[in-house]
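Engineer: here you go, sequence then predicted model.
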Amino acid sequence: MISRTTPVSYKVAVVIPSYKVTKHIEGVLKSIPEIVDVVYVVDDKCPENSGEFVEKLNLGDRIRVLHHQENLGVGGATLTGMKTAFEEGADIAVKVDGDGQMRPELIPGLIQPIVSGYADYSKGNRFFDLDSLRQMPAIRIFGNMGLSFLTKLSSGYWSVMDPTNGFVALHRTAFSLLPTQKIAKRYFFESDLLFRLGTVRAKVVDVPMESVYGDEVSGLQIHKITHEFAWKHLKCILKRISYTYFLRDFAISSLSLVLGVLFSVCGAVFGLLVWIDNASRSTVTPTGTIMLSALPVLIGVLLLLLFSAYDMSNEPKIPIQKQY
């Protein structure tokens with residue numbers, strides 16, 4: 001647990017994107033621990049006027065309300081809150097959803113890796129404790145597993161799980177290096193933020209947490225965002241590999257990737273063409289010809305596995321807050 005006796009004094013801010021959460025936000029605000037210096041509630045053009053609702057609660061001076069003139073999505077609201085927090089002197093910004101699914105009392109544990117200098121960005125992981133998964137809907141479990149794998153590929157953070165978890169904390173140094181205008185503003189926000197953190201080589205860690213599922217309704221509809229997420233992850237994967245292994249550096253790992261793709265594709269295409277030709281003439285493909293196709297594919301797969309092993313070991317290990 002974090003206490004005010006820590007050798008380094010940190011100003012901690014909480015950012016709460018607010019959109020149709022008036023039913024739960026009062027309870028969330030009242031459970032924010034004393035370690036938090038200021039709370040920014042960002043009214044994202046909420047039809048329920050949640051900003052005015054919070055102001056009327058009059059829960060204390062540390063709670064501030066920011067208003068958007070147009071709806072920017074959860075990512076846009078979070079970035080507004082974080083930008084304001086850091087401009088006003090915060091060292092760590094924590095995002096907490098206003099729907100009651102997160103437990104604010106876990107904030108000290110969430111920011112501990114950042115305060116100790118071990119990480120630049122910490123996030124909740126609902127998959128650490130298997131017993132707590134029993135309360136999570138099955139569709140969310142399987143959907144999250146798929147998104148986790150895609151995010152590992154697109155961000156390079158192979159040790160990270162539960163990428164859509166919005167309970168996150170960020171150090172001011174890492175935030176200052178991010179191209180905030182390029183970060184996705186809506187449901188892809190958390191995944192895109194991980195990709196952007198990877199491009200600046202920030203260290204990311206998971207912190208075990210338990211989610212609370214009550215009567216809140218999620219606005220994230222899996223069947224509507226599957227294709228969108230897949231396409232965005234593909235673009236991030238291509239960008240990350242281009243940035244990391246070709247623009248910033250070109251080493252044995254880069255060569256392994258190029259040759260792996262080349263051997264695999266050429267071997268597969270050659271084998272397919274030979275099979276089509278022999279099938280059209282109703283002839284049996286010679287064993288030597290089969291091996292001539294299979295061997296490049298096997299070599300290519302081995303080279304790609306070699307690249308994957310290097311990529312996993314290349315995850316950022318030194319926090320950038322120690323480098324600036």
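Structural biologist: Arrived safely.
Engineer: what about the residue nearest the centre of the chain, distance to Leu106?
Structural biologist: Nearest residue to the geometric centre of the chain (Cα atoms, centre = their mean): Ser191, 3.4 Å. Taking Cβ to Cβ, to the nearest Å as the measure, Ser191 falls 22 Å from Leu106. For every residue, glycine as well, the C-beta is placed using N, CA and C.
Engineer: my guess is the residue nearest to the centre of the chain is in a helix, correct?
Structural biologist: Yes. Assessed with DSSP: H, G, I helix; E, B strand; the rest coil, Ser191 lies in a helix.
Engineer: I'd assumed Glu228 was in contact with it.
Structural biologist: No. Ser191 lies out of contact with Glu228 (Cβ atoms under 8 Å); the separation is 11.1 Å.
Engineer: still on that earlier bit, so who does the residue nearest to the centre of the chain touch?
Structural biologist: Counting by Cβ atoms under 8 Å, 6 or more residues apart in numbering, Ser191 touches Leu147, Leu150, Thr151, Ser154, Ser155, Pro163, Thr164, Ala184, Phe229, Lys232, His233, Cys236.
Engineer: okay, the fourth one: pLDDT?
Structural biologist: It stands for Ser154. pLDDT recorded at Ser154 is 94.
Engineer: likewise for the second one?
Structural biologist: In the predicted model, Leu150 carries a pLDDT score of 91.
Engineer: right, and it touches Lys235 too?
Structural biologist: No. Using Cβ under 8 Å as the test, Leu150 is too far from Lys235 to be in contact (11.5 Å).
Engineer: which residues in the protein form helices?
Structural biologist: With DSSP state H as the criterion, the chain has helices at 25-30, 50-57, 73-87, 107-115, 138-155, 172-177, 189-199, 222-242, 252-280, 287-313.
Engineer: tell me the contacts of Leu303?
Structural biologist: Ser256, Leu257, Leu259, Gly260, Phe263.
Engineer: state the distance from it to Leu259.
Structural biologist: Separation of Leu303 from Leu259 (Cβ to Cβ): 5 Å.
Engineer: neighbours of the closest residue in space to Leu194 that isn't next to it in sequence, how many?
Structural biologist: Distances taken as Cβ to Cβ, 6 or more residues apart in numbering put Ser155 closest to Leu194, at 4.0 Å, once the chain neighbours are dropped. Per other Cβ atoms under 10 Å, the neighbour tally for Ser155 reads 25.
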